[in-house]
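Novice: Structure of the sequence below:
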Amino acid sequence: MPARDEARAASTPLRRQLLVTIVGITSIAVLVLALLLAVAVERLYHSEAITKLERDATRVAASAPDDEAHNPRPFAKPAGLNRRLVVGIYRVNGHRIVGDGPEVSPLASEAANGRLHESVEGGTLTVVAPIPSEAGVTSIARVGMPQDDVNDRRNRAWLLMGVFAVVVVGLAAAAAFYQSRRLARPLERLTRAAQSLGDGDFTVRAEPSGVREADEAGRALEVTARRLGSVLDRERAFSADVSHQLRTPLTGLLLGLESALERPGADLPAAIRAAVRRGEHLRDIIDDLLRLARDAGPDAEVLDVPDLLAALRSRWSATLAGVDRPLTVTAHDPLPELHVKSPAVRQILDVLVDNAVTHGAGRITVEASDIGGGLAIDVSDEGPGVTDDAEDIFTRRHSASAEGHGIGLALARSLAEAEGGRLVLRRPSPPIFTLLLPAADPLPPTDRPHP
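Specialist: Residues are numbered from 1 along each chain as shown. Next up, the predicted model:
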């Protein structure tokens, strides 16, 4: 088993961790509180019993004759005493005179000092009180109650506390189960979404859960999925775009070399220099498309339109001369200032000229002009034009159609939109493709440089 699987098998699910933690903490807290309350309740009931016995012993001592030790007589409990109380009169030496109780009570002898005393004798909670007389303390009132009475009352209280503790722990377990599900579900959904993302599904969406941290993680995962999907789409399209853009220049390069080799008396150094220039052009195409696909090219800069059109004429002049297709390039001054990526505009124009070479006929015309608030570059030829739907020709297909549509124009439009512009078919026959680019925003008066 791989180490990752072993670690996963050894880990504890979040639901169980939360459930065990909450129930465990609650149980410990309830147990500690219950123990403290149990001790307090035992002491309270013991104290209450002693207080009642002291009161009853005082009443018995007050109602007993002070000469009971010398003149014993039948003894009657004072009215209102509990029938379960054990009441007796004892001498100071601890021997019973009258009443109920053990024959000898060591506790009774302790009351000879004139104070109340309490203890447990033979399973009976006992209080003794001195009976004062003119001769001093000569007899002792002893009152006791079964210790089991106090224990039964204490045990009932403990049982009630135990039931209450079980109810509290049960409620805590229910709350912990609900909370663990509430907290674990978003993470489980995020796990499934991350697994789907790892499997190549870039459409994953994390449902809102009400847990802010989990929702933020879900939104971050969605953004990551979209970015990865976009990067992967661009990478997948890169090979098709490069193949399309290199097709015509590579064909011109090969034809030039073959022609130089087969033609007697050909100027081989000139052919090699031309091949080198075309090879450099191929390199530039690959670099441009790679930077644009990865969005790693230079930032938008001021576009030099005349220089761009002059480079276009230089790149295509040899190819067009070989197929007897004249090229006219015109720039109507004044031209607006543009802030765009020049590699993107260069690739768009190459696509449009290549499209005119492949599918058109006659003269190719490239014309740049100011349209107020932007620049329009028209690329036209004298061919039959476009018979397909105007929008279909800009739709990217997995493979080019029989007529060649499906890659170049889709690439050109995507590059134009990435620069904030548009690429449209202004006239289907004879065809005119127009690239529209917005002009740069003018500087505010305070930011304009001083003359």
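
Novice: Helix, strand or coil: sort out A376 for me.
Specialist: Put simply, A376 is strand when judged by DSSP: H, G, I helix; E, B strand; the rest coil.

Novice: Can you name the residues that contact it?
Specialist: By C-beta atoms under 8 Å, 6 or more residues apart in numbering, the residues touching A376 are 368-370, 434-437. The C-beta positions use only the backbone N, C-alpha and C, and glycine is treated the same way.

Novice: Please repeat the previous calculation with a cut-off of 10 Å.
Specialist: With contact set as C-beta atoms under 10 Å, 6 or more residues apart in numbering, A376 has these partners: 332, 336, 367-370, 421, 424, 426, 434-437.

Novice: same deal with F433?
Specialist: 348-349, 351-353, 355-356, 377-381, 386, 393, 409, 412-413, 423-427.

Novice: element containing it?
Specialist: Assigned by DSSP states H and E, F433 belongs to strand 432-438.

Novice: what pairs with that strand, and is each one parallel or antiparallel?
Specialist: Sheet partners assigned to strand 432-438 using DSSP bridges are listed as strand 374-380 (antiparallel), strand 422-427 (antiparallel).

Novice: Could you turn the buried ones of the contacts of A376 into a PyMOL selection?
Specialist: Remark: buried members of those, expressed as a PyMOL selection using 16 or more other C-beta atoms under 10 Å:
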select buried, resi 336+367+368+369+370+421+424+434+435+436+437
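
Novice: can you put the contacts of A376 in TSV and add pLDDT and distance to H117?
Specialist: Converted to TSV, these look like this (pLDDT from 0 to 100; distance: C-beta to C-beta, whole Å):
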residue	pLDDT	distance to H117
H332	90	123
P336	89	113
E367	94	123
A368	94	119
S369	93	120
D370	91	117
G421	90	107
V424	91	112
R426	89	118
T434	94	116
L435	94	113
L436	93	111
L437	92	109
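
Novice: which one of the contacts of A376 is nearest S230?
Specialist: G421 (19.7 Å; C-beta to C-beta).

Novice: pLDDT weak spots in the stretch 1-150 of the chain?
Specialist: Residue ranges of the stretch 1-150 of the chain with pLDDT under 70: 1-12, 65-77, 79-80.

Novice: circling back to that earlier point, among the strands paired with strand 432-438, which comes closest to V150?
Specialist: Across those, closest to V150 is strand 422-427 (C-beta to C-beta), at 95.5 Å.

Novice: re the thing from before, among the strands paired with strand 432-438, which is nearest G88?
Specialist: Going by C-beta to C-beta, the one of these nearest G88 is strand 422-427, 114.8 Å.

Novice: Check what contacts that closest one and list those residues.
Specialist: 348, 351-352, 374, 376-380, 385-386, 388-391, 393-394, 409-410, 412-417, 431-438.

Novice: Format the CA atom coordinates belonging to that strand as CSV.
Specialist: Taking Å, rounded to 0.1, in the frame of the first residue of the first chain, the C-alpha atoms of strand 422-427 are listed here in CSV:
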residue,chain,number,x,y,z
ARG,A,422,-13.1,43.3,-32.6
LEU,A,423,-12.6,41.4,-35.8
VAL,A,424,-15.5,41.5,-38.2
LEU,A,425,-16.4,40.6,-41.8
ARG,A,426,-17.4,44.0,-43.0
ARG,A,427,-18.2,42.8,-46.5
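
Novice: Distance from the chain centre to it, please.
Specialist: 44 Å (C-alpha atoms, centre = their mean, to the nearest Å).

Novice: Same check on stretch 148-160?
Specialist: 53 Å.

Novice: Also stretch 111-122?
Specialist: Worked out by C-alpha atoms, centre = their mean, stretch 111-122 lies 71 Å from the chain centre.

Novice: and what of stretch 165-179?
Specialist: What separates the centre of stretch 165-179 from the centre of its chain is 27 Å, taken as C-alpha atoms, centre = their mean.

Novice: Can you list the buried residues in that stretch?
Specialist: For stretch 165-179, a neighbour-count test (16+ other C-beta under 10 Å) marks 165, 168-169, 172, 176 as buried.

Novice: One more: stretch 178-192?
Specialist: Buried residues in stretch 178-192 (16+ other C-beta under 10 Å): 180, 183-187, 189-190.

Novice: now these in TSV, with distance to E110 and pLDDT?
Specialist: Rendered in TSV, the data for the buried residues of stretch 178-192 read as follows (distance: C-beta to C-beta, whole Å; pLDDT from 0 to 100):
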residue	distance to E110	pLDDT
S180	61	78
L183	64	75
A184	66	76
R185	70	78
P186	71	76
L187	70	73
R189	76	78
L190	75	76
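
Novice: The stretch 251-400 of the chain: helices as residue ranges?
Specialist: 268-294, 305-322, 342-359 (DSSP state H, counting those that start in this stretch).

Novice: so S196 makes contact with T203?
Specialist: Yes: taking C-beta atoms under 10 Å as the definition, S196 is a contact partner of T203 at 8.5 Å.

Novice: shared neighbours of the two, which are they?
Specialist: Common contact partners of S196 and T203 (C-beta under 10 Å, 6+ apart): A225.

Novice: Between those two, tell me which one has more neighbours.
Specialist: S196 (15 against 10; other C-beta atoms under 10 Å).

Novice: wait, is that one part of a helix?
Specialist: Yes: secondary structure of S196 (three-state DSSP): part of a helix.

Novice: Quick check: closest non-adjacent residue to it.
Specialist: Of all residues not flanking S196 in the chain, V204 sits nearest, at 5.0 Å (C-beta to C-beta, 6 or more residues apart in numbering).

Novice: Also L303?
Specialist: That would be L338: by C-beta to C-beta, 6+ apart, it lies 4.2 Å from L303.

Novice: OK, contacts around the one you found?
Specialist: Taking C-beta under 10 Å, 6+ apart, we find L338 in contact with 300-305, 308, 345, 374-375, 419-421, 437-440.

Novice: Which among these count as buried?
Specialist: Here, 16+ other C-beta under 10 Å leaves 303, 305, 308, 345, 374-375, 419, 421, 437-439 buried among the contacts of L338.

Novice: Among these, which one sits closest to R153?
Specialist: Distances from R153 to the buried ones among the contacts of L338, taken as C-beta to C-beta, are shortest for E419 (89.4 Å).

Novice: Hmm, G374 and that closest one touching each other?
Specialist: No: with contact defined as C-beta under 10 Å, E419 does not count as touching G374 (11.4 Å).
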